[in-house]
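Peer 1: Return atomic coordinates for the entry below.
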Amino acid sequence: MGLKRISFPVLFLFVLMGCAGVQVRDNLNIPAGKITDDQFTGIRYPFRVSALPNWKMTTEFPRFLEKLGYEGPSPYDKEVTELYIFNPSTQSNIQIDFTPANPGVRFTQESIEALTTTVTERVKSDLDKEYGQGAINVEVGPTEPVSLKGVPFAAKKYVTYAIRGVRREEGWIYAFTEPYQIFILYMILEKVGANDREDMKKILDSFEVISKK
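Peer 2: The predicted model follows:
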């Protein structure tokens, strides 16, 4: 049984509703994008990203994520994740989600970092609910600014812990570029001989929001 966590975008939309007014929804009639070789180009939202040859990309929810604690989308969801990138041999993965920002919401690097930090307690609480209070030793990493092409404000936070002897790094990146909020979830499962951390950095370095001008 996996952790049935509230999605990262939904959590932030809840936080922002007080100052954002009416919640904006994805237009799910528009396809997420197209995958050509190892590159994804967004159609619903203007971004592109490249994977490495030993990683896969899909716009459909990979079912193995349920065992890692993520809940798949329901037919009634108004927002969905645009892209999943994963290493099939280790199950390390990245999830990329765009959400339109509501008019009137303004961000700074400081506010992005503060909001990114607020997710930490929710992640720790979910682990406590699943495995028992204090059963999992969770180490919390720092909140750090992140550089993403075409994105003025972005921050990263992560926690590390071990489950059944496998060390995990579970992290989240929250970013804003007018008029979009960007949510990137990732999980690294440490396996002997794997280079997932280095691979993931290369993948995120290729991420770019495409200007419509």
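
Peer 1: So Phe130 belongs to a helix, correct?
Peer 2: No, residue 130 isn't Phe; it's Glu. Yes. If the criterion is DSSP: H, G, I helix; E, B strand; the rest coil, then Glu130 is within a helix.

Peer 1: Low-confidence stretches in this structure?
Peer 2: 1-25, 212-213 (pLDDT under 70).

Peer 1: which residue sits closest to Arg44, ignoring its sequence neighbours?
Peer 2: Ile30 (4.5 Å; Cβ to Cβ, 6 or more residues apart in numbering). Just so you know, the C-beta spots here come from the backbone N, C-alpha and C atoms, and that holds for glycine as well.

Peer 1: again with Leu83
Peer 2: Nearest to Leu83 is Ile96, by Cβ to Cβ, 6+ apart, at 4.5 Å.

Peer 1: pretty sure the one you found is touching Thr59, no?
Peer 2: No. Taking contacts as Cβ atoms under 8 Å, Ile96 lies outside contact range of Thr59: 10.2 Å.

Peer 1: picking that back up, any idea how many residues pack against the residue nearest to Leu83?
Peer 2: Ile96 has 25 neighbouring residues, counting by other Cβ atoms under 10 Å.

Peer 1: check contacts around it.
Peer 2: Residues near Ile96 by Cβ atoms under 8 Å, 6 or more residues apart in numbering: 47, 49, 81-85, 182-184, 207.

Peer 1: Which of those ranks first by neighbour count?
Peer 2: Ile85 (27 neighbours).

Peer 1: Do I have it right that that residue meets Ala51?
Peer 2: Yes. With contacts counted by Cβ under 8 Å, Ile85 reaches Ala51, the gap being 5.3 Å.

Peer 1: Spell out which residues are contacts of both of the two.
Peer 2: 57, 203.

Peer 1: that's a helix at Asp126, yeah?
Peer 2: Yes. Counting by three-state DSSP, Asp126 is part of a helix.

Peer 1: pretty sure it contacts Val119?
Peer 2: No. Counting by Cβ under 8 Å, Asp126 does not reach Val119; the two are 10.4 Å apart.
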